[in-house]
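Participant: please find the sequence and the predicted model below.
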Amino acid sequence: MTNLIGHDAVWRQFSSALDSGKLHHGWILAGSRGLGKASFALKAAASLVDPDDRYSNLIARGTHPDILTIKRLPKDAAKDDDEPDANAELKRSITIEQIRNLQASLTTRPGLADKRVIIIDSADDLERGGANALLKSLEEPPADTYFLLISHASDRLLPTIRSRCQMLRFEPLDHAQMTAALSDAAPDIDQADLQALIRAGKGSPGQAIDFMGLDLGKLDNAMHSIIQTGDPGNDLRIALAEQLSLKAAQPRYEAFLRLAPALVAERARQMDAANVLGATEVWTAASALANRAIALSLDKQSVIFQMGSLLASLQPHKAA
């Protein structure tokens, strides 16, 4: 039902617990954003409520009555006759009212199955009151009810919630796994774009997919050219600054901030011992600049030119 590239070991861990007949009632799916934790949660839920694969169509549509997903609601509720807007602005948190409504629904028996699964996507979004309310359900779970808590920053969850759940840790995908995941998502993708997306994704297929359609192959080539030539006349840096500082280019600008440090790291891995220390210092500076650029709303042209200069500084230290 769901392709879980790179997470076979985590699936085996969950399946082993399920097959033992002693499955814990609460699980935290922990790892950075975009690794496929939501897909994993849905597959795990299906294995519990629909082991014979009789209702896969309902599960795929999100309408199986025994799989309840709790997530942030739109700020403006849709009218009864309107289709939900997938791009609607969401509330800041999963509210205590949502958790209380969930708890009220758990007083009834499951509908189609003999088990019920609650997916919280994500537990990081719970407001304090909602987290405390959920804790009560984790402390005294209803019979045959299982909780799957997706978390992108599990260390920030309430310690009491963490202590009542088993942890499944999702690791970033390696290059081969990223290639497989992105090729599966976009079979006709250009190789230059594919490699740029792998670099931008930093092991997260979901984050890489967010950058699709931004022509990152050309951006990647421009950065390689800066490194190869050193850009002695600043022409390449100026051109990048002009292109990426436009308001409409914000997504490409953010991709650039992810790509540049990753490219530096890749180059450092190719260098000999005599040059790798200097490249490591460049990577540290590039990563710090990328982190500050968005957080502090730094001037885009200045950031792009500085990042380009860091890339250019690698030119004398090219791998042999």
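Facilitator: Looks like it came in fine.
Participant: in the stretch 1-150 of the chain, which segments are predicted with low confidence?
Facilitator: 1-3, 78-87 (pLDDT under 70).
Participant: 50 instead?
Facilitator: Low-confidence segments of the stretch 1-150 of the chain (pLDDT under 50): 1-2.
Participant: please enumerate the helices of it.
Facilitator: Using DSSP state H, counting those that start in this stretch, the helices of the stretch 1-150 of the chain run over 8-19, 37-49, 56-61, 96-105, 128-139.
Participant: tell me which of those helices sits most buried.
Facilitator: Highest mean neighbour count among the helices of the stretch 1-150 of the chain (mean count of other CB atoms under 10 Å): helix 37-49, with a mean of 21. Every C-beta, even on glycine, is put in place using the N, C-alpha and C of the backbone.
Participant: and that one, what does it pack against?
Facilitator: Packing contacts for helix 37-49, counted by 3 or more CB pairs under 8 Å, 6 or more residues apart in numbering; DSSP states H and E, involve helix 8-19, strand 26-30, helix 56-61, strand 67-70, strand 116-121, strand 145-151.
Participant: name the residues that touch that helix?
Facilitator: Residues outside helix 37-49 that contact it (CB atoms under 8 Å, 6 or more residues apart in numbering) are 1-4, 7, 10-11, 14-15, 18, 23, 27, 29-31, 53, 55-56, 59, 64, 66-67, 110, 112-113, 115-117, 119, 121, 146, 148, 150, 168, 170.
Participant: redo that, cut-off 6 Å
Facilitator: 1-2, 4, 14, 29, 59, 66-67, 113, 115, 117, 119, 121, 148, 150, 170 (CB atoms under 6 Å, 6 or more residues apart in numbering).
Participant: buried only: go through the residues you listed for me.
Facilitator: In those, burial by neighbour count holds for 4, 14, 29, 59, 66-67, 113, 115, 117, 119, 121, 148, 150, 170, counting by 16 or more other CB atoms under 10 Å.
Participant: of all those residues, which two lie farthest apart?
Facilitator: Ala113 and Phe170 (26.0 Å; CB to CB).
Participant: which residues touch Met223?
Facilitator: By CB under 6 Å, 6+ apart, Met223 lies in contact with Leu263, Leu311.
Participant: hang on, it in a strand?
Facilitator: No: Met223: not assigned to a strand; according to DSSP: H, G, I helix; E, B strand; the rest coil it is helix.
Participant: okay, stretch 249-269 in PDB with CA atoms only?
Facilitator: These are the backbone C-alpha positions of stretch 249-269, laid out as PDB (Å, rounded to 0.1, in the frame of the first residue of the first chain):
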ATOM      1  CA  ALA A 249      12.200  33.700  -6.500                       C
ATOM      2  CA  GLN A 250      11.800  33.100  -2.700                       C
ATOM      3  CA  PRO A 251      11.400  29.300  -3.100                       C
ATOM      4  CA  ARG A 252      14.600  29.100  -5.200                       C
ATOM      5  CA  TYR A 253      16.400  31.400  -2.700                       C
ATOM      6  CA  GLU A 254      15.500  29.100   0.100                       C
ATOM      7  CA  ALA A 255      16.600  26.100  -2.000                       C
ATOM      8  CA  PHE A 256      19.900  27.900  -2.700                       C
ATOM      9  CA  LEU A 257      20.500  28.200   1.100                       C
ATOM     10  CA  ARG A 258      20.100  24.500   1.500                       C
ATOM     11  CA  LEU A 259      22.100  23.600  -1.600                       C
ATOM     12  CA  ALA A 260      25.200  25.700  -1.000                       C
ATOM     13  CA  PRO A 261      26.300  24.200   2.400                       C
ATOM     14  CA  ALA A 262      25.500  20.700   1.100                       C
ATOM     15  CA  LEU A 263      27.600  21.300  -2.000                       C
ATOM     16  CA  VAL A 264      30.500  22.500   0.200                       C
ATOM     17  CA  ALA A 265      30.200  19.300   2.300                       C
ATOM     18  CA  GLU A 266      30.200  17.200  -0.800                       C
ATOM     19  CA  ARG A 267      33.300  18.900  -2.100                       C
ATOM     20  CA  ALA A 268      35.000  18.500   1.300                       C
ATOM     21  CA  ARG A 269      34.500  14.700   1.200                       C
END
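Participant: contact partners of that stretch?
Facilitator: So stretch 249-269 is in contact with 199-200, 211, 214, 216, 223, 244, 276, 279-280, 282-283, 286-287, 290, 293, 307, 314, going by CB under 6 Å, 6+ apart.
Participant: that older thread, could the helices and strands packed on helix 37-49 go into a markdown table alongside distance to Asp193?
Facilitator: Shown next, in a markdown table, are those (distance: least, CB to CB, whole Å):
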| stretch | distance to Asp193 |
| --- | --- |
| helix 8-19 | 27 |
| strand 26-30 | 29 |
| helix 56-61 | 29 |
| strand 67-70 | 32 |
| strand 116-121 | 29 |
| strand 145-151 | 29 |
